[in-house]
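Visitor: Can you look at this prediction? I've put the sequence above it.
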Amino acid sequence: MARFPYYQRNVKDLGRLIARAATDEHFRRELERDPAGVISKIGLPKETVALLRFKIVDQKSTPNAVALPFRLNDKKLESSNEEYLKRLSATFSLN
């Protein structure tokens, strides 16, 4: 399953995105090039996508890769901006 915040309404779309990336080379390259853009297209709120930095790892080229939970955008977190922290809090609250 995806390792970033998701909303119940997006679970099927996330599954399709992952399956398509596994079977469609062109789509996988697009996802690697612009993960936030591709993920935004399935309906994840822009606020959620903006809070995160995505990295796509190909198991074929990195067979021992371990998927860790999502990673926050360090620059935005370091700013201690109240608006950013409020959005972050809302992202991790129950859907």
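Guide: In hand now; what should we look at? Numbering: from 1, shown residues only.

Visitor: which SSE is residue 60 in?
Guide: Taking DSSP states H and E as the criterion, residue 60 maps to no regular element, lying outside all helices and strands.

Visitor: distance between stretch 23-36 and the chain's centre?
Guide: Mean C-alpha position of stretch 23-36 versus that of the full chain (Cα atoms, centre = their mean, to the nearest Å) differs by 13 Å.

Visitor: what residues does that stretch touch?
Guide: The set of residues that contact stretch 23-36 without belonging to it, under Cβ atoms under 8 Å, 6 or more residues apart in numbering, is 17, 20, 21, 22, 38, 49, 50, 52, 54, 55, 56, 58. (Each C-beta comes from the backbone N, C-alpha and C, glycine too.)

Visitor: Need the three-state assignment for the last one.
Guide: Going back to what we said before, that points to residue 58. When classified by DSSP: H, G, I helix; E, B strand; the rest coil, residue 58 comes out as coil.

Visitor: Can you tell me how far it is from residue 29?
Guide: Between residue 58 and residue 29 the distance is 10 Å, computed by Cβ to Cβ, to the nearest Å.

Visitor: if we can go back for a sec, taking the contacts of stretch 23-36 one by one, which sit in helices?
Guide: Taking DSSP state H as the definition of helices, the contacts of stretch 23-36 contribute 17, 20, 21, 22, 38, 49, 50.
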